[in-house]
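Compute the structure for the input listed below.
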Amino acid sequence: MAALDTFPNLPLQGEIPVCERDGRICSLPINEVDSSNLCKQLSYPEINIGRELFHHAAGHVQDHRRTIMVPINETLIKRITRTFFEEGPVEALNEAANSNSQHYNVFLGSLARYMLVLVDVGNSIKFFLKPHLKEQGVGSVGKYTQTRDWSKSAIRCIRWHPNCFKIAIAASDDSIRVYGDEPSIVPILKSGLQKSITSLAWRPFTAGELAVGCQNGALIWNIDPNSLITRPLSQAVRLRHGNHFPVTSVEWSPNGCLLASASINDPAILIWDVDQNKQVPLRRVGPPCALLKWSPTGSRLCATTVSNVFRVWKTDRWTPDRWTINSGTIQSVVWSHSGSHLLFVTTEESLLYCLGFIEDEVFTSTFAPKSALPIADLSKITIGKVEVGGRPQALAWCPRSRYLAVTFKDTPAIAIFNTVNVAHSRLNITPLCFLTGIGIESASCISFQENLGHRSNEKLQTVLTIGWSSGRIQYFPFV
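Numbering: from 1, shown residues only. Below you'll find the predicted structure:
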């Protein structure tokens, strides 16, 4: 089993890794690293979300100073009505129960307090029967995303288009920036419905259809690839059904026909036919779903939950195989390019697990236990004075299943493994290197580019895109 203590040493102090070439890591002194030149050499856009958000915030403050706030007096009934539509019935009851207005109605206040007691009793019973419901709401969303420190991170999500050179980056201001071949045109997608973005997914075989998972459900953007404006005129189409929000994961099927969405408020997975605006729920009794990952072949869909249960659905008949882990929940999952291996990490263990699939069976031998096998020990170690490893945050596997990247919750470095499918049921994994940022940067989110066929540099095997906590985007090529 691979382990972090068998990795090569960290980059020297004052140096930053810039690429991998023939199994060797090339590093440069930080003061000699010119990100704009590196991006030009790769023909990739230079992106710094932290810097863009700073300039946007400065302009916003200037506009705010010109705003005139005029205080108004509202009656109790108006305040209750406004609170009901803006914040919900419970906050409206609190407004009625705690109002100190001179028009305060004793009967109305007493009735509101009595109803709040009934709400508390009902919630106590609900949380006793379903403990996972205690953590619902926007505050708990970050626990089930793939981004480290999601609530504080300048970059919420990164997603490459599977068929063309286009990358979407969601920022903490609830905007999405789309970068492509033309650096002067960067569409910015923003909507009043688009709050607390958790996941992005480009629709395969379309030029500009992007699915967004957020607090208000799933949104679909259609971006005209021939448009020369930076702010698209069209608004996002909202996909919402029942209590299926907030949406923590959206994933298109490999053929682009179906969209799967998961919500930590709903035990059912919704399979959407977006063109007809229809959905079919995959219902199962148990805790809500948190994360979805479609296999590259489209034959299976992995669905994790907010408990120790996860399922792998066979999409030909939509029947699930149910699996459990010892403790915690599944933190991140990735499929191999052939769909024969599923790698995952959990919230409670510093181990990387592998689950093999061959002709609808797990592993080759019927006598082997049908369980996932640990293939790498990610326990925290100290190299020099720097801690690496620990509880994993996210996994990213390159489209050819040659390089696996792992980020961690409590340590800043990224661990890169080499992976080789030795036999049809066995996966070889060997340590390659650690990647570090500049100064105190930590990796917020990572994504491998899915398509390299359009690039002029044919020597590139793949490119790992790293969103650092500072808002800086780095491209790490494997040559």
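
Please parse this structure into its domains.
1-67+326-479, 76-129, 150-324 (automatic domain parsing).

So which of these is the most surrounded?
domain 150-324 (a mean of 19; mean count of other CB atoms under 10 Å). The way it works is simple: take the backbone N, C-alpha and C, and place the C-beta from them, glycine included.

And the helices in this structure?
For the chain, the helices defined by DSSP state H cover 35-42, 49-65, 76-87, 89-98, 106-129, 138-141.

can you put the domains of the chain in a markdown table and add distance to residue 141?
Shown next, in a markdown table, are the domains of the chain (distance: least, CB to CB, whole Å):
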| stretch | distance to residue 141 |
| --- | --- |
| domain 1-67+326-479 | 14 |
| domain 76-129 | 17 |
| domain 150-324 | 6 |
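
Which one of these has the poorest average confidence?
Mean pLDDT is lowest for domain 76-129 among those, at a mean of 78.

pretty sure residue 244 is touching residue 267, no?
No. Counting by CB atoms under 8 Å, residue 244 stays clear of residue 267, with 10.2 Å between them.

sorry, back to before: wait, which of the helices of the chain is closest to residue 251?
When the helices of the chain are compared by CB to CB, helix 138-141 sits nearest residue 251, at 17.0 Å.

Could I get the contacting residues of residue 203?
By CB atoms under 8 Å, 6 or more residues apart in numbering, residue 203 lies in contact with 209, 210, 211, 252, 256, 259, 274.

Let me know the distance separating it from residue 50.
Residue 203 sits 29 Å away from residue 50, taking CB to CB, to the nearest Å as the criterion.

before we move on, what about residue 154?
Residue 154 is 5 Å from residue 50, by CB to CB.

shared neighbours, these two?
Common contact partners of residue 154 and residue 50 (CB under 8 Å, 6+ apart): 470, 471.

sorry, back to before: among the contacts of residue 203, name the ones in strands.
209, 210, 211, 252, 259 (DSSP state E).

Surely the fourth one and residue 204 touch.
Read it as residue 252. Yes. Taking contacts as CB under 8 Å, residue 252 lies within contact range of residue 204: 6.0 Å.

so what's in contact with the two at the same time?
In contact with both residue 252 and residue 204: no residue, using CB under 8 Å, 6+ apart.

I'd like the distance between the nearest residue to residue 94 once chain neighbours are set aside and residue 124.
Counting by CB to CB, 6 or more residues apart in numbering, residue 94 lies nearest to residue 116, which is 7.0 Å off, once chain neighbours are set aside. Distance, residue 116 to residue 124, by CB to CB: 13 Å.

From residue 42, how far out is residue 235?
34 Å.

swap that for residue 319, please
Distance from residue 319 to residue 42, by CB to CB: 44 Å.

Same question for residue 192.
Counting by CB to CB, the gap from residue 192 to residue 42 is 36 Å.

now do residue 401
According to CB to CB, residue 401 stands 22 Å off from residue 42.

right, and out of the ones in strands among the contacts of residue 203, which lies closest to residue 97?
residue 211 (41.1 Å).

Would you confirm that that closest one contacts residue 219?
Yes. At 7.3 Å, residue 211 counts as touching residue 219 under the criterion of CB under 8 Å.

nearest spatial neighbour of residue 158, skipping sequence neighbours?
Residue 158 sits nearest to residue 447 (CB to CB, 6+ apart), 4.3 Å away.

do residue 111 as well
residue 96 (7.8 Å).

Adding distance to residue 10, write the helices of the chain out as a markdown table.
Below are those laid out as a markdown table (distance: least, CB to CB, whole Å):
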| stretch | distance to residue 10 |
| --- | --- |
| helix 35-42 | 21 |
| helix 49-65 | 24 |
| helix 76-87 | 48 |
| helix 89-98 | 50 |
| helix 106-129 | 45 |
| helix 138-141 | 32 |
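
of those, which approaches residue 405 most closely?
Minimum separation from residue 405 across the helices of the chain (CB to CB) falls at helix 35-42, 17.7 Å.

What helices and strands are in contact with the closest one?
strand 473-478 (3 or more CB pairs under 8 Å, 6 or more residues apart in numbering; DSSP states H and E).

quick one, the strand it packs on and helix 35-42 angle?
With axes from the mean of the first three to the mean of the last three CA atoms, to 10 degrees as the basis, strand 473-478 and helix 35-42 are set at 40 degrees to each other.

residues contacting residue 332?
Contacts of residue 332 (CB under 8 Å, 6+ apart): 146, 291, 344, 345, 392, 393, 394, 395.
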